[in-house]
Structures are given as C-alpha cells and as structure tokens.
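In: Build me a model:
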Amino acid sequence: MIDAVATDSSSNPGNDKQRRTRRTRMTGAERRQQLLEIGRTLFAAKGFEGTSVEEIAAKAGVSKPVVYEHFGGKEGLYAVVVDREMRRLLDMVTGSLTAGHPRELCEQAAFALLDYIEEYTDGFRILVRDSPIPQSTGSFASLISDIATQVEDILGREFKSRGFDPKLAPLYAQALVGMVALTGQWWLDVRRPKKAEVAAHLVNLAWHGLDGLEPKPRLIGHRKA
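Out: Numbers count the residues shown, from 1 in each chain. Purely as a prediction, here's the structure:
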C-alpha cells in the first residue's frame, strides 16, 4: 500500500509538474534539428542499413510517425544528413583557398579537410561510406571532384606562368585533392601524427615529389597547428 501511494502521481503535485516539463513540445524546426542530429550520430556509428526508424524515434522520445512526418522515412533523413555534410565540407575547403602562393594553397586545402575530419568526425564517417540511395549532391567521390575543380583553375594559371601545359591542370588537381582525401580517411582512425604534421608531409610530397622530399617538412602559411 505504501509503494502504491508513493508511485501515485495524483497524490504528488510535483510529479505532475515534472511530467509537464518532460512533455514540453518542441517547435517543428527544433524537432527537425533534433532528428537530424540523432540520425547523424546513428548513421555514423551503424551505417544506413544498421539504423532503424524505430531507434531514431526512440532516441528522440517520439513515435515513428513523427520521423515520417518530417522526412518521409529513414531514406529522407539520411539524404538531408548527407547533403548537409557535403555542403559543409565543400564550403570549408573552397573557403580556405585564399593564399596567393601555390604551396600555401596546398597547405590550406590539406588543413581544411583535416579540420573537417577533426571537427565533424561523424559527418566524415557518413560521407566516406558508399551511399545506398541517390543524393542530390552526389557521392563522396563526386564531392572530391567538385573540390578539385575549384583547385584546377589555380593550378592552370600556375602551370601557364611556369611554361607547363595548362590542359594538364585538371589531372593534377584530381591527383592532389584525391591524395589529401585518402590520407584523411586513414588519419580518421589513427590520428597520428598530429594534424599540422600530416598537412606538412602531404604538401611535402605534393610540392617536391618523391625525389626531392624534405626530411623534416615545414609549413610556410600562417597555420602551424
């Protein structure tokens, strides 16, 4: 009898207040953002196939129809998560290319990708997985190609000024950006050496080639860490 009285919320006004607090409704925008963050975490940890609408809804404390109401299902939620991460990474890389010296541009591109991996690890894990559904912004490979396109104009001008064939700029842009992206995938898990050292070695290889590698490469830009 004592236990029954203790758990009867009708005899305890404080319980009613706590329940009302827990049931405070989110706005549509707040709920959508909450579902995106939960989906992003689950997709990064378990992948698309390993994540269920039931789990997303349970983590958010809502029923399954709420997820369908906002995104039409798991596929819709995944598509928005991937689209946001694609745009974030592209903006970070292209926005970083501000230097005039080509070597420093290489440093900036390397740092931008490594910064993204460090700050948005879950997002990068999602991007490097093969997407099971078509995306409006394409695949990770197409994103890397988009970034390379931003770089090829800069390389083209540099090639022309040095007497090289500017038509080869797209090839070198793909090679440089691809090298940084693949190294980033490796660094995602090992996180050694430190970010600045990884950037320095990437630029060392890109700038000097294997034949002229510096034993202890240095960074020339303002970023040192």
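In: Could I get the pLDDT score of the closest residue to Glu214 other than its chain neighbours?
Out: Spatial nearest neighbour of Glu214, excluding adjacent residues (Cβ to Cβ, 6 or more residues apart in numbering): Asn204 at 5.4 Å. The way it works is simple: take the backbone N, C-alpha and C, and place the C-beta from them, glycine included. Looking at Asn204, its pLDDT reads 93.
In: can you pull out the helices in the protein?
Out: For the chain, the helices defined by DSSP state H occupy 2-6, 13-22, 28-46, 53-60, 64-71, 74-96, 102-119, 121-128, 140-161, 169-190, 195-208.
In: Give me the residues contacting stretch 103-119.
Out: 88-89, 92-93, 95-99, 123-124, 147, 151, 154, 176-177, 180-181, 184, 187-188, 195, 198-200, 202-203, 206-207, 219-221, 223 (Cβ atoms under 8 Å, 6 or more residues apart in numbering).
In: residues contacting the closest residue to Val151 other than its chain neighbours?
Out: In this structure, Val151 finds its nearest non-sequential neighbour in Ala173, 4.3 Å apart by Cβ to Cβ, 6+ apart. Counting by Cβ under 8 Å, 6+ apart, Ala173 touches 148-149, 151-152, 155.
In: Mark which of these are buried, thanks.
Out: Taking 16 or more other Cβ atoms under 10 Å as the criterion, what is buried in the contacts of Ala173 is 148, 151-152, 155.
In: can I get the residues you listed in a markdown table with distance to Leu35 and pLDDT?
Out: As requested, these are exported to a markdown table (distance: Cβ to Cβ, whole Å; pLDDT from 0 to 100):
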| residue | distance to Leu35 | pLDDT |
| --- | --- | --- |
| Ala148 | 33 | 83 |
| Val151 | 35 | 78 |
| Glu152 | 38 | 84 |
| Leu155 | 41 | 80 |
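In: how about those residues in a markdown table, adding distance to Glu214?
Out: Below are those laid out as a markdown table (distance: Cβ to Cβ, whole Å):
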| residue | distance to Glu214 |
| --- | --- |
| Ala148 | 25 |
| Val151 | 22 |
| Glu152 | 26 |
| Leu155 | 21 |
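In: Could you work out the most separated pair of those?
Out: Comparing all pairs in those by Cβ to Cβ, the longest separation belongs to Ala148 and Leu155, at 9.4 Å.
In: which residue sits closest to Ala225, ignoring its sequence neighbours?
Out: Ala196 (4.9 Å).
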